[in-house]
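sequence first, predicted coordinates after that:
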Amino acid sequence: MFFKLSKGFALLAGLTLSGVMPHSANSAELISMADQQLIAQPALCVALHQGRKCFTKVTLTWHVQTLGNFCLYQKNPRRKVKCWQQSKGNSTLLEFESSEKLTFQLINQQNNLVAETAIDVSWVHKATPRKRRWRLF
Amino acid sequence: MIKKHAIILLCFLISSSVFAVEKELDQETTLFDQTFSWQAMVALSAGYNPHMLADVEQEEPKDFLALALLIDFYYKGFFIQSNNRRVEGVFQGELGYQLIDKNDWALDIIAKPHLFGFDPDEIMKDQDKNIPSIEGLDEREIGFGIGLRYSKYFEDAIFSFDIANLEPVKGKGWLADFYYSHLFLYRNWDIYAGAGFTYYSSAIVDYYLGIDHDEVTVNRAYYDAKSAFRGQLEIFARHPISKNWTFNAGITQNYYSNAVADSPIVRKHHLTAVMMGVVYVF
């Protein structure tokens, strides 16, 4: 519902233009190939107020060139989301619940980072020093 | 008259600022480490909001729609707070100053229009018809007043008590307003359930709803109003649509005591108002 199309295209472009050699999962550098992709949809969750936890259902879709064993992890805090055996691609539905941006990584059986994506958190109303009270009519 | 009030308020705010307690930023979270903030919004809504006056109806499509610019502003205790649950214009907001602002309670000076006035000629012109129950009545001015608000904050609720004196009713126009609102969070929804109780002095009720001897007609008996109260129950919900848009909807049930409902120009004891709309936040 809150997917920012422009951001999605930027992510795809970034994945397409990034390097081709797999690196360690601990590396901050994103390693991916045009046909090794991890996409979150929507990639943006909008909360009403700054600092408030945001909720949405996110579909994480990945595909790679060759068959293998892959696991999807949430980064910081690191948490395993799901693993697949002998697969070239799949998707999973995630209940996103966070007040800040979360990054997800696709890791192969050699513990190398294959692809990465993030779900950003934004808000409508920034935090204000005033505590509000209003009635409707 | 509003200008006169604004000057009085400004003088009072300037003099009282010396004694005011500065915001205790060190006790706030980092989200609130600012002394200046503002936000502008445009609100569009549709609603069923029956007029308190008998025989004044919502008929034309424009009577059900409203568009407004809303501005929130805060600077070192001074604030303008728009009512972004209603969309009837920026002057629905409040001008105020934080006298005391603690983590769990606050005391503010508030200047705001508490009651709508009405001009019978304007209403009949707008409705394009004569309305015998209000025809020939004197205009009732907007109930602009200056008062104090005590607010008590709970984890997901707020209780507030306002006391104010309304300008059109020279010295005797007191009202006291109690309001409790509880916030329920469900995923990205903010759902507020509120209850209010407002006491109006007899001078206020008589000014707005009383019928003077020179206003008596065959359709309108003399009415000397006593003090009155209003009870309110309200549910309001808000949900983000995107980074700039929110969806809002709400319903309010009002109950007015006999001193209001017995007036020959008033509709009835109960009034139910419903609205839904969108707000664009800049």
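Yep, that arrived.

what does stretch B:184-200 contact?
Here stretch B:184-200 makes contact (C-beta atoms under 8 Å, 6 or more residues apart in numbering or on different chains) with A:46-48, A:52, A:54-56, A:135-136, B:156, B:175-183, B:227-240. Every C-beta, even on glycine, is put in place using the N, C-alpha and C of the backbone.

which ones among these map onto strands?
Among those, DSSP state E puts A:46-48, A:54-56, B:175-183, B:228-240 in strands.

now, of the contacts of stretch B:184-200, which are buried?
Burial by neighbour count, judged by 16 or more other C-beta atoms under 10 Å in any protein chain shown, picks out A:46-48, A:52, A:54-56, A:135-136, B:175, B:177, B:179-181, B:227-230, B:232, B:234, B:236-240 from these.

output the below-cut-off pLDDT ranges for chain A.
For chain A, residues meeting the criterion pLDDT under 70 lie at A:1-35, A:128-137.

quick one, strands of it?
Counting by DSSP E, the strands of chain A are A:23-24, A:37-41, A:44-49, A:54-75, A:79-98, A:102-108, A:112-125.

let's have the ones you listed in JSON lines, adding distance to B:Asn188.
Conversion of the strands of chain A to JSON lines gives the following (distance: least, C-beta to C-beta, whole Å):
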{"stretch": "strand A:23-24", "distance to B:Asn188": "36"}
{"stretch": "strand A:37-41", "distance to B:Asn188": "17"}
{"stretch": "strand A:44-49", "distance to B:Asn188": "6"}
{"stretch": "strand A:54-75", "distance to B:Asn188": "5"}
{"stretch": "strand A:79-98", "distance to B:Asn188": "10"}
{"stretch": "strand A:102-108", "distance to B:Asn188": "16"}
{"stretch": "strand A:112-125", "distance to B:Asn188": "10"}
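
can you give me the helices for the stretch 151-282 of chain B?
Ranges of helices in the stretch 151-282 of chain B, per DSSP state H, counting those that start in this stretch, are B:202-209, B:258-261.

what does the stretch 1-150 of chain B give?
Using DSSP H, counting those that start in this stretch, helices in the stretch 1-150 of chain B cover B:2-16, B:61-64, B:120-127.

which parts of the shortest one are buried?
This means helix B:61-64. Applying 16+ other C-beta under 10 Å to helix B:61-64 flags B:Asp63 as buried.

again, but for stretch B:62-82
B:63, B:66, B:68, B:70, B:72-74, B:77-82.

please save the CA atoms from it in CSV.
Output of stretch B:62-82 as CSV, limited to C-alpha atoms (Å, rounded to 0.1, in the frame of the first residue of the first chain):
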residue,chain,number,x,y,z
LYS,B,62,-21.6,22.4,-0.3
ASP,B,63,-23.3,22.1,3.1
PHE,B,64,-21.9,18.6,3.4
LEU,B,65,-18.3,19.4,2.2
ALA,B,66,-15.6,21.5,3.8
LEU,B,67,-12.1,22.6,2.8
ALA,B,68,-9.7,24.3,5.1
LEU,B,69,-6.1,25.3,5.6
LEU,B,70,-4.8,24.3,9.0
ILE,B,71,-1.7,25.5,10.6
ASP,B,72,0.1,24.3,13.7
PHE,B,73,2.9,26.4,15.2
TYR,B,74,5.0,26.2,18.3
TYR,B,75,7.7,28.4,19.5
LYS,B,76,9.1,28.4,23.1
GLY,B,77,5.7,27.9,24.7
PHE,B,78,3.6,29.9,22.3
PHE,B,79,1.4,27.8,20.1
ILE,B,80,-1.3,27.9,17.5
GLN,B,81,-3.1,24.6,17.4
SER,B,82,-5.4,23.8,14.5
